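A.B. asks: Attaching a predicted model along with its sequence, questions to come.
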Amino acid sequence: DDGHDNDTGVITKTRAKTARPPLYKVLILNDDYTPMEFVVHVLERFFGLSHSQASELMLTVHKKGVAVVGVFSFEVAETKVAQVMDFARRHQHPLQCTMEKE
Ligand code: TYC
């Protein structure tokens, strides 16, 4: 930090701010067809949730339509979304996973 002398002769201290990288919410969306146990498995496998945490969150999505499953850097969020979408596609379930800037 440096003390700058402005035109009034007053020294003002400035603090160099370290910009934090933006964070991204990863969301899971409800649908009418994906089996509940498949969603629970996805939440355990890709988001490290316990079986009971995953079951609760799945039911929240089932009832409310959408829920945030985690907050990550852009790169990690992008990877999680791709992993979930690929896993759902391979199992022929319409489960949707998306991300948005926090
Ligand atoms: N609604 C689905 C069912 O009744 C279960 C489900 C929950 C699907 C969460 C997707 O993100 C989801 N089988």
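C.D. replies: Looks like it came in fine. Numbering: from 1, shown residues only.
A.B. asks: and residue 49, how many neighbours?
C.D. replies: 19 (other CB atoms under 10 Å). Where C-beta positions appear, they are placed from N, C-alpha and C, glycine not excepted.
A.B. asks: what secondary structure does residue 28 sit in?
C.D. replies: Secondary structure assignment for residue 28 (DSSP: H, G, I helix; E, B strand; the rest coil): strand.
A.B. asks: now it: how far from residue 64?
C.D. replies: 11 Å (CB to CB, to the nearest Å).
A.B. asks: So between the two, which is more surrounded?
C.D. replies: Taking neighbours as other CB under 10 Å, residue 28 and residue 64 compare with residue 28 leading, 26 against 9.
A.B. asks: Report the beta-bridge partner residues of that one.
C.D. replies: Residue 28 forms beta bridges with residue 67, residue 97, as assigned by DSSP bridges.
A.B. asks: who touches it in this structure?
C.D. replies: Shown in contact with residue 28 (CB atoms under 8 Å, 6 or more residues apart in numbering): 39, 42, 43, 57, 61, 66, 67, 69, 84, 95, 96, 97.
A.B. asks: which of these are close to the ligand?
C.D. replies: For the ligand, the contacts drawn from the contacts of residue 28 by CB under 6 Å from any ligand atom are 39, 61, 95.
A.B. asks: Among the contacts of residue 28, name the buried ones.
C.D. replies: Buried by 16 or more other CB atoms under 10 Å: 39, 42, 43, 57, 61, 67, 69, 84, 95, 96, 97, out of those.
A.B. asks: end to end, how far does stretch 59-78 reach?
C.D. replies: End-to-end distance of stretch 59-78 (CA to CA, to the nearest Å): 24 Å.
A.B. asks: Now it: average pLDDT?
C.D. replies: Averaging pLDDT along stretch 59-78 yields 98.
A.B. asks: Residue 38 reaches residue 93, doesn't it?
C.D. replies: Yes - with contact defined as CB atoms under 8 Å, residue 38 reaches residue 93; the gap is 5.8 Å.
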